[in-house]
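Visitor: Quick one, structure for this:
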Amino acid sequence: MPSSVACVDASLVVALVCPEEMSDRALALWERWMREDVRAVAPYLLQYEVTSALRRKVVRGYICEEDGRRALEAALGLDIELMHPPGLCRQAFELAARLGLPSAYDAQYLALAELADAPLWTADERLYNAVRASLPYVCWLGSYE
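Guide: Numbers count the residues shown, from 1 in each chain. Alright, predicted model coming up:
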């Protein structure tokens, strides 16, 4: 049985499966979680956002089509429990309103982390900077050593 839980967002998963500036940190964090039996969780939205982000990388020429497919398969194969607890969307809506977020996509991850009483790990520095003063459970991958 996992000893703890961590919520992950799409930016962290993309960094895990596709070469990016913070991929080494993402891999080190993931490997630590696997050693320490940390259970990774995310809202169902994760699969859609990862698929879209990888497709965007292909279209913009950052990776080739085949690498995009391989990265998607790797992402879909990660041991991440997808969740949609009761009240998730309502809580995401309220968080987005309270934080002044223009959409509720990121708020889905924030709300799940709150509901799961878990940290949210992100590689999205913009999100981290927007919410860190209000939500101390949000962790930026860039600060992981």
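
Visitor: So which residues of this structure form helices?
Guide: With helices called from DSSP state H, the chain shows them at 10-17, 23-35, 45-59, 65-77, 88-99, 105-116, 125-131.

Visitor: And for the first one, what's in contact with it?
Guide: Among residues not part of helix 10-17, those counted as contacts by C-beta atoms under 8 Å, 6 or more residues apart in numbering are 20, 22-23, 25-27, 29-30, 42, 45-46, 49-50, 53-54, 71-72, 74-75, 78, 80, 121-124, 127, 141. C-beta coordinates here come from the backbone N, C-alpha and C atoms, glycine included.

Visitor: And the fourth one, by the same measure?
Guide: Defining contact as C-beta under 8 Å, 6+ apart, one finds that helix 65-77 is touched by 13-14, 16-18, 47, 50-51, 54-55, 57-58, 63.

Visitor: Which members of those residues are the farthest-apart pair?
Guide: Maximum pairwise distance in the contacts of helix 65-77, criterion C-beta to C-beta, is 18.4 Å, between 47 and 63.

Visitor: right, so the helices of the chain: which one is the most enclosed?
Guide: Ranked by mean neighbour count, these are led by helix 10-17 with a mean of 25 (mean count of other C-beta atoms under 10 Å).
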